[in-house]
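Asker: What would the 3D arrangement of this be:
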Amino acid sequence: MDDVEVRDLRYFVAVAEELHFGRAAEVLRIAQPALSKAIQRLERRLGVELFTRTSRSVALTSAGAALLEHGRHALNAIAVAVQAARRAGEATSIQLAMKPGGDAGLLSTLLQEYANHPGARQVDIMFHPGVERAALVRDGRADAALLYSPFESTDGLMTATLHVEDRVAVLPVGHRLADSMNISLDELDNDTFPRWFGRDDDGTGGPAISDVAELFPLVRLGRVVAVLPRSLAGLAGEGTVSVPVSDASPSAIVIGCRADDDRGPMRALMTAARSVSSD
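Answerer: Predicted structure coming up:
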């Protein structure tokens, strides 16, 4: 950035998010007068006013709103670049994010195959129950992740498919369809489905959950039903039944890393993944 220092941009974003110089100074752990001077210096450099200030309020100008939108992206890009440099120069292990139980039993085989590659590194597992594992890879907190496609976005990632499987309805044992050989999605139209944190509300009206560990007790109680990849449904346990759903699209477990991650250990990991694919 020719005219704007990263520190000043970080200061600006803090004030823009808090809309209060005192609170922003506390977040940044600097004195409020120093923060005010930094923002004034930034406004002089840019030649625009970023905030309108009164004795009682602080508000963004149109120029400030524009800088906030793009400034956040700039700070994120810098953070990713720093993370990438540190990993390339210092990392002795690879961070692999995954949902607990979300490997369909393939993780051990994958790690054994990867260990046979020259230059393979230790793989540390990051169990992350939510639906943001791809985001962990994009922002540099993880090097790779096991994802369920097409339900988790793989935009900007290079992927290799490990396993493709059908999906089943997970129902309480007393459900009206529990004894069916297979069912269709429209037969579940009147049932309650959970709402998954991190995804758009689909209007099901069910309880919000972040992981299958929260889901299965609700299924057993008859509060919700769910349609899941078969390997995840196998974790549901007693009090539930799994019934194939004939018209549910297949689910794939894929491993993903950043498309621009050209490090040798990552290339080896993706090669290993392709060689152990069960499909």
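
Asker: what's the helix or strand for D261?
Answerer: Using DSSP states H and E, D261 maps to neither a helix nor a strand.

Asker: Let me see the ranges of the helices in the stretch 101-250 of the chain.
Answerer: Shown for the stretch 101-250 of the chain, the helices assigned by DSSP state H, counting those that start in this stretch span residues 107-115, 133-138, 212-220, 230-233.

Asker: dump the residue contacts of V241.
Answerer: 170-173, 175, 178 (Cβ atoms under 8 Å, 6 or more residues apart in numbering). Every residue, glycine included, has its C-beta placed from N, CA and C.

Asker: Can you give me the distance of the closest residue to it other than its chain neighbours to P217?
Answerer: Spatial nearest neighbour of V241, excluding adjacent residues (Cβ to Cβ, 6 or more residues apart in numbering): A178 at 4.8 Å. Distance of A178 to P217, given as Cβ to Cβ, to the nearest Å: 17 Å.

Asker: coming back round to it: would you reformat the helices of the stretch 101-250 of the chain as a markdown table and include mean pLDDT?
Answerer: Converted to a markdown table, the helices of the stretch 101-250 of the chain look like this (pLDDT from 0 to 100):
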| stretch | mean pLDDT |
| --- | --- |
| helix 107-115 | 93 |
| helix 133-138 | 89 |
| helix 212-220 | 90 |
| helix 230-233 | 90 |
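
Asker: could those be laid out in CSV, adding mean neighbour count and distance to V123?
Answerer: Formatted as CSV, those follow (neighbours: other Cβ atoms under 10 Å; distance: least, Cβ to Cβ, whole Å):
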stretch, mean neighbour count, distance to V123
helix 107-115, 17, 6
helix 133-138, 20, 14
helix 212-220, 19, 23
helix 230-233, 21, 20
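
Asker: Dump those helices into CSV; add distance to D124 as well.
Answerer: CSV is the format used below for the helices of the stretch 101-250 of the chain (distance: least, Cβ to Cβ, whole Å):
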stretch, distance to D124
helix 107-115, 11
helix 133-138, 13
helix 212-220, 22
helix 230-233, 23
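
Asker: so which of the ones you listed gets nearest A59?
Answerer: Nearest to A59, of all these, is helix 133-138, at 30.3 Å by Cβ to Cβ.

Asker: least trustworthy helix or strand in the protein by mean pLDDT?
Answerer: When each helix and strand of the chain is scored by mean pLDDT, DSSP states H and E, helix 62-90 comes last, with a mean of 77.

Asker: what about the spatially most distant residue from the centre of the chain, distance to F21?
Answerer: Largest separation from the mean C-alpha position in the chain: S55, at 40.8 Å (Cα atoms, centre = their mean). S55 sits 12 Å away from F21, going by Cβ to Cβ.

Asker: Please apply the same query to L107.
Answerer: 49 Å.

Asker: Also A38?
Answerer: Distance, A38 to F21, using Cβ to Cβ: 10 Å.

Asker: can you check P229 too?
Answerer: When P229 is compared with F21 (using Cβ to Cβ), they lie 50 Å apart.

Asker: More neighbours: which of the two?
Answerer: Neighbour count, other Cβ atoms under 10 Å: between P229 and F21, P229 has more, with 22 against 18.

Asker: And the pLDDT for the more buried one?
Answerer: On the pLDDT scale, P229 is placed at 92.

Asker: circling back: need phi/psi at the residue farthest from the centre of the chain.
Answerer: In terms of degrees, to the nearest 10, the main-chain angles of S55 are phi -70, psi -20.

Asker: For it, which residues are in contact?
Answerer: Counting by Cβ under 8 Å, 6+ apart, there are no residues that S55 touches.

Asker: Now do it against Y11, distance only.
Answerer: S55 is 21 Å from Y11, by Cβ to Cβ.

Asker: same thing with A236?
Answerer: 50 Å.

Asker: How about S246?
Answerer: Counting by Cβ to Cβ, the gap from S246 to Y11 is 57 Å.

Asker: Looking at those two, which is more packed in?
Answerer: More crowded of S246 and Y11, by other Cβ under 10 Å: Y11, with 23 against 12.

Asker: residues in contact with the more buried one?
Answerer: Applying Cβ under 8 Å, 6+ apart, the residues contacting Y11 are 24, 28, 30, 35, 38-39, 42.
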